[in-house]
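> Below: sequence and its predicted model.
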Amino acid sequence: MTDAVFRDLVAAAARPYRRCGRYAWHFTKGKLAGDPVFHHLLRNQLLPTHGRLLDLGCGQGVLTALLRAAAKRHAGGDWPAGWPAPPATLTVQGVELSPKRVRIAQAALGTDAVLQGDIRSVHLPPCDAIVILDVLLYLQPDEQATVLARCANALAPGGILLLREADAEGGLPFQITRWAERIASVIRGHWRQSLTYRPAADWSALLGSLGFEAEALPMSQGTPFANTLFIAQRSNASVQICPFSHEIANASILPNMKQHYTAVPIRNS
């Protein structure tokens, strides 16, 4: 897909947000255009073509907006050759904790597009794919493990989990990521927001312990951050939810990743 086509898709995805005010509109355009994960999702066939997708911690629902814009363009016959078709018949359900973001998403995309809920406790219906982008850092280590176990139970065998989090062993880019998130938390008024980061190997180990086969890809291209996208496929085995992440053992990780077992909780002063 050429840069021009992707810019057109971003503009089309952001258009419904104009009715929500200039900030919501510009945020959607900036997020979709500047975050490499969205371009990557369209360029690679990571999502199923049909079934149900849960977007947990979806914010304003920008992923739903992008997938809708892509499906509409593809249906019109104007789609770059060599690119996989977007998932036109995939039902997307967003879940977001912030009432303000839910109101924006519902005003732009419809009342059924996003529901308000806490991903630690909201009912997760059976689904074929789950996306969690830059969300679990706001949870404690045991909560992170429990949410991922709940995802494994909700996913159909062979279902896909796309998880992105910062790599706590990412050197200077991780420090930039950490401070950028701290500043963002302060701007939102969350002065004492607790942030929990893990090395990429820890995320792989945790996913492996929950029955996922995971591939880790750097996902910060064009940005100063240290983000990793985990593409995890659920096995056929059932999953037991563990209340504490330190109880998870016998995990399999990528052979080129060094193993660690301690999460890195960081609290804002």
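Arrived safely. Numbers count the residues shown, from 1 in each chain.
> Which parts of this protein are helices?
With DSSP state H, the ranges of helices along the chain come out as 3-14, 22-34, 36-43, 62-75, 99-109, 141-154, 171-187, 200-209.
> taking the mean pLDDT, what do you get for the longest one?
Average pLDDT, helix 171-187: 92.
> Name the residues that touch it?
Identification of contacts with helix 171-187 by CB atoms under 8 Å, 6 or more residues apart in numbering yields 137, 166-168, 170, 191, 193, 195, 197, 220, 224-227, 266, 268. (Glycine included, C-beta is placed from N, CA and C.)
> which one of these is nearest Ile160?
Comparing these against Ile160 with CB to CB picks out Asn227 as the nearest, at 18.3 Å.
> Mind listing the residues bridging to the residue nearest to Leu161 when sequence neighbours are not counted?
If you skip the residues right next to it in sequence, Leu161 has Ala232 as its closest partner in space, 4.3 Å away by CB to CB, 6 or more residues apart in numbering. Beta-bridge partners of Ala232, counted by DSSP bridges, are Leu161, Ala214.
> which of the residues in stretch 211-227 are buried?
Residues 211-212, 214, 216, 219-220, 225-227 are the ones in stretch 211-227 that count as buried (16 or more other CB atoms under 10 Å).
> Kindly reformat the residues you listed as JSON lines containing distance to Thr146 and pLDDT.
Rendered in JSON lines, the data for the buried residues of stretch 211-227 read as follows (distance: CB to CB, whole Å; pLDDT from 0 to 100):
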{"residue": "Gly211", "distance to Thr146": "15", "pLDDT": "96"}
{"residue": "Phe212", "distance to Thr146": "15", "pLDDT": "98"}
{"residue": "Ala214", "distance to Thr146": "18", "pLDDT": "97"}
{"residue": "Ala216", "distance to Thr146": "21", "pLDDT": "98"}
{"residue": "Met219", "distance to Thr146": "24", "pLDDT": "97"}
{"residue": "Ser220", "distance to Thr146": "27", "pLDDT": "95"}
{"residue": "Phe225", "distance to Thr146": "26", "pLDDT": "96"}
{"residue": "Ala226", "distance to Thr146": "25", "pLDDT": "97"}
{"residue": "Asn227", "distance to Thr146": "22", "pLDDT": "97"}
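> Any stretches of the stretch 151-269 of the chain with poor pLDDT?
Low-confidence segments of the stretch 151-269 of the chain, defined by pLDDT under 70: 237-269.
> The same query, at a cut-off of 90, please.
Under the criterion pLDDT under 90, the flagged ranges of the stretch 151-269 of the chain are 184-193, 235-269.
> Pull the contacting residues for Tyr138.
Listed by CB under 8 Å, 6+ apart, the contact set of Tyr138 reads 193-196.
> Show me just the buried residues among those residues.
Members of those that pass the buried threshold by neighbour count (16+ other CB under 10 Å) are listed as 193, 195-196.
> thinking Arg7 is in contact with Gly34, fair?
No: using CB atoms under 8 Å, Arg7 is not in contact with Gly34; the gap is 11.7 Å.
> The residue nearest the centre of the chain and Pro80, how far apart?
Note on the chain: the residue nearest the mean C-alpha position is Leu133, at 2.1 Å, using CA atoms, centre = their mean. For Leu133, the distance to Pro80 under the criterion CB to CB, to the nearest Å works out to 24 Å.
> again with Leu67
When distance is defined by CB to CB, Leu67 is 16 Å away from Pro80.
> And Gly34, by the same measure?
With distances defined as CB to CB, the gap from Gly34 to Pro80 amounts to 21 Å.
> which pair in the contacts of helix 171-187 spans the largest distance?
Comparing every pair within the contacts of helix 171-187 by CB to CB identifies Trp191 and Ser220 as the most remote, at 26.6 Å.
> now, which of the contacts of Tyr138 sits nearest Gly110?
Here the nearest of the contacts of Tyr138 to Gly110, counting by CB to CB, is Gln193; it sits at 30.4 Å.
> so how many other residues sit close to the spatially closest residue to that closest one that is not a sequence neighbour?
With CB to CB, 6+ apart as the criterion, Gln193 has its nearest non-adjacent residue at 4.0 Å, and that residue is Ser185. Residue crowding around Ser185 was assessed by other CB atoms under 10 Å; the count is 17.
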